[in-house]
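>>> Pasting the sequence and the predicted coordinates here, then a few questions.
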Amino acid sequence: MAAKRVLVTGNTGQVAQAMMAAKPENVELSCLGRPDLDITDFDGLRRAISVFRPDVIVNPAAYTAVDRAETESSLAYLVNRDGAGNVARAAAAAGIPIIHLSTDYVFSGDAPDPYVETDAVGPRSVYGASKLAGEDYVAFYNARHVILRTAWVFAPWGNNFARTMMRLAGDRETVNVVADQFGSPTYAPHIAAAIYAVTTHILENHEADQWRGVFHMTGTGDTNWAGFAREIFSESSKLGLQSANVQDITTADYPTPAKRPANSRLSNRKFSDVFGHPLPEWKSGVHQFIEAVQRALI
Ligand SMILES: NC(=O)C1=CN([C@@H]2O[C@H](COP(=O)(O)OP(=O)(O)OC[C@H]3O[C@@H](n4cnc5c(N)ncnc54)[C@H](OP(=O)(O)O)[C@@H]3O)[C@@H](O)[C@H]2O)C=CC1
Ligand SMILES: Cc1cn([C@H]2C[C@H](O)[C@@H](COP(=O)(O)OP(=O)(O)O[C@H]3O[C@@H](C)C(=O)[C@@H](O)[C@H]3O)O2)c(=O)[nH]c1=O
């Protein structure tokens with residue numbers, strides 16, 4: 001089969017960087033970001049597509065500052081709703097599918113069990129609501145869409161909770177972390193590998209309907225933020241890197257501008273069934289994350 005041409009938006013992001021780092025041999029990749037490609041600029045998207053002629057577009061670009069979004073809601077909607085809609089519309093105009101990234105924060109977190117794709121949404125934050133609006137726009141503008149809801153993304157690069165924990169461990173003995181919000185940490189390189197598997201699947205099954213729609217795709221297993229922090233420090237201390245004690249606290253003890261779901265756990269069954277690519281255990285992601293942090297220090 002000829003090389004697949006994949007265009008990715010937002011080249012400084014965690015997921016986009018992971019896709020660059022793990023590009024398979026049979027993929028021609030173009031990762032573009034601001035100022036060269038701004039997803040709020042529809043004409044710019046059309047131009048980028050006509051130059052690179054991709055077979056599929058992956059859209060991880062987003063406004064992801066969860067707390068800041070509460071006071072910058074116009075900007076969050078401009079990027080996460082209108083921008084996502086632009087990418088889907090430009091892809092549709094070129095006759096190609098879109099793989100779009102979304103979030104666990106579209107749910108309220110009030111349900112007791114892991115969420116399935118058909119469960120009612122109910123975002124508690126501007127970020128979550130803007131991402132939900134983005135899902136709707138993507139589905140409206142491009143029938144050939146895969147919307148991947150992931151959660152608690154971390155990587156050895158970019159802004160994420162795991163890197164924040166390693167930074168905090170550098171200057172304190174104990175870190176206070178909420179223990180009443182549950183979810184599944186997801187390692188960006190695992191997401192990248194899954195996106196390449198989805199790409200292969202949809203390009204080899206053009207006409208099938210089964211792959212279209214919303215899918216949950218998170219690291220296997222679950223924890224709470226305090227448990228995530230403990231695992232990070234357990235792995236870091238094994239390799240002689242900085243670590244800290246973790247003190248469990250409640251959401252009420254850690255007030256933030258944006259409300260987060262108490263239950264962010266997503267069922268990955270549909271994703272595994274359709275794409276045959278279950279994501280690895282989140283703990284294996286933590287192990288690889290710490291190894292990468294150590295390599296960067298050498
Ligand atoms: N991070 C997480 O924990 C989670 C993320 N997600 C979703 O997964 C996706 C990827 O997340 P992640 O890799 O962490 O994101 P990051 O926050 O690491 O990166 C976001 C990227 O989007 C870019 N961007 C922002 N606005 C625009 C714009 N107008 N035009 C083009 N690019 C833009 C940023 O570029 P610049 O450098 O110019 O700002 C950056 O490259 C997102 O859709 C996010 O909503 C879902 C669940 C959890
Ligand atoms: C830094 C820190 C955070 N926390 C809490 C606050 C919050 O409830 C939780 C996570 O905090 P953060 O602000 O790091 O993570 P947050 O920005 O909420 O992460 C989210 O990002 C967006 C983009 C998503 O889509 C989500 O899936 C999720 O990953 O941990 C502590 O309890 N102690 C701490 O020292």
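Yes, it's here. Ligands and ions are numbered 1, 2, ... in the order given.
>>> End to end on stretch 277-285, go ahead and measure it.
Start to finish, the residues bounding stretch 277-285 are 16 Å apart (CA to CA, to the nearest Å).
>>> pLDDT on it, on average?
For stretch 277-285, the per-residue pLDDT values average out at 97.
>>> do the same with stretch 140-159
Across stretch 140-159, pLDDT averages out at 97.
>>> what about stretch 269-288, near ligand 1?
No: under the criterion of CB under 6 Å from any ligand atom, stretch 269-288 makes no contact with ligand 1; the nearest approach is 12.4 Å. For glycine as for every other residue, the C-beta is placed from the backbone atoms N, C-alpha and C.
>>> what's in contact with that stretch?
Stretch 269-288 is contacted from outside by 116-117, 148, 154, 162, 184-187, 189-191, 193-194, 197-198, 201, 210-211, 215-223, 228, 231-232, 235, 268, using CB atoms under 8 Å, 6 or more residues apart in numbering.
>>> Same question for that stretch: list its buried residues.
Taking 16 or more other CB atoms under 10 Å as the basis for neighbour counts, the residues of stretch 269-288 that come out buried are 270-272, 274-275, 277, 279-283, 285-288.
>>> Ok, stretch 200-218 next?
Within stretch 200-218, the residues that count as buried by 16+ other CB under 10 Å are 200, 201, 202, 203, 211, 212, 214, 215, 216, 217, 218.
>>> Nearest to ligand 1, out of these: which one, please.
Lowest distance from ligand 1 to the buried residues of stretch 200-218 (CB to the nearest ligand atom) belongs to residue 218, with 8.4 Å.
>>> ok, the closest one - contacts?
Counting by CB under 8 Å, 6+ apart, residue 218 touches 104, 150, 151, 152, 183, 184, 186, 265, 266, 268, 279, 282.
>>> And residue 176, by the same measure?
Under the criterion of CB under 8 Å, 6+ apart, the contact list for residue 176 reads 247, 249, 253, 254.
>>> Identify, from these, the entry nearest to ligand 2.
Out of the contacts of residue 176, the one with the shortest distance to ligand 2 is residue 254. That distance is 4.3 Å, counting by CB to the nearest ligand atom.
>>> What is the neighbour count of the residue in the chain that ligand 1 sits nearest to?
Scanning the chain for proximity to ligand 1 using CB to the nearest ligand atom identifies residue 13 as nearest, at 2.6 Å. Taking other CB atoms under 10 Å as the criterion, the count of residues near residue 13 is 24.
>>> Pull the number of nearby residues for the residue lying closest to it once chain neighbours are set aside.
In space, residue 13 comes closest to residue 60 once its chain neighbours are excluded; the distance is 5.3 Å by CB to CB, 6 or more residues apart in numbering. Per other CB under 10 Å, the neighbour tally for residue 60 reads 27.
>>> tell me which parts of this structure are close to ligand 2?
64, 66, 103-105, 151-153, 161, 164, 175-178, 181, 225, 254, 256, 260.
>>> Show me those residues that map onto strands.
When strands are assigned by DSSP state E, the members of the residues of the chain next to ligand 2 inside them are 103, 153, 175, 176, 177, 178.
>>> just curious, which of the contacts of residue 176 is nearest to residue 77?
If you rank those by distance to residue 77 using CB to CB, residue 254 comes first, at 26.4 Å.
>>> and that closest one, what is it in contact with?
Under the contact definition (CB under 8 Å, 6+ apart), the residues listed for residue 254 are 176, 177, 178.
>>> My guess is the second one contacts residue 253. True?
No: in this structure, residue 177 sits apart from residue 253 without contact. The criterion is CB atoms under 8 Å, and the distance is 9.9 Å.
>>> So which bits of the stretch 101-250 of the chain are right by ligand 1?
Along the stretch 101-250 of the chain, the residues adjacent to ligand 1 under the rule CB under 6 Å from any ligand atom are 101, 103, 131, 150, 151, 152, 153, 158.
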